[in-house]
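Asks: sequence-free structure coming up:
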């Protein structure tokens, strides 16, 4: 089974004594394993979950349900799951390829 366009997630295990250390335990880094230098993306799934929870809680005060949109991450299932854990009611996506990726969880 293919993992989609992203390699397997790995924990960011950099120890630190900062107050943010506990939040970093949920950070995931995706890398192609390519040894050439270039841009890399680190997505903190814990931040996504907490931000979703904040938006959901504030919107709930006015009776508004929230959609989580994954277009910016190309339908990355890990991001969608973090938003769902944060309480969004639905996941929205505009691209069929990304919808298929979300549906199959890869």
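Replies: Great, that's in hand. These numbers were taken from a predicted model, which means no experiment stands behind them.
Asks: any idea which helix is longest in this structure?
Replies: helix 45-60 (DSSP state H).
Asks: Now it: average pLDDT?
Replies: The average of the pLDDT scores along helix 45-60 is 98.
Asks: Give the buried residues for that helix.
Replies: 45, 46, 48, 49, 50, 52, 55, 56 (16 or more other C-beta atoms under 10 Å). Every C-beta, even on glycine, is put in place using the N, C-alpha and C of the backbone.
Asks: Any chance of a markdown table for those, columns distance to residue 91?
Replies: A markdown table is the format used below for the buried residues of helix 45-60 (distance: C-beta to C-beta, whole Å):
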| residue | distance to residue 91 |
| --- | --- |
| 45 | 14 |
| 46 | 18 |
| 48 | 12 |
| 49 | 14 |
| 50 | 17 |
| 52 | 11 |
| 55 | 14 |
| 56 | 13 |
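Asks: sorry, back to before: not counting its own residues, what contacts the helix or strand that the longest helix of the chain is followed by?
Replies: Moving toward the C-terminus from helix 45-60, the next helix or strand (DSSP states H and E) is strand 67-69. Contacting residues not belonging to strand 67-69 are listed as 52, 80, 83, 84, 86, 88, 89, 90, 91, 92, 93 [C-beta atoms under 8 Å, 6 or more residues apart in numbering].
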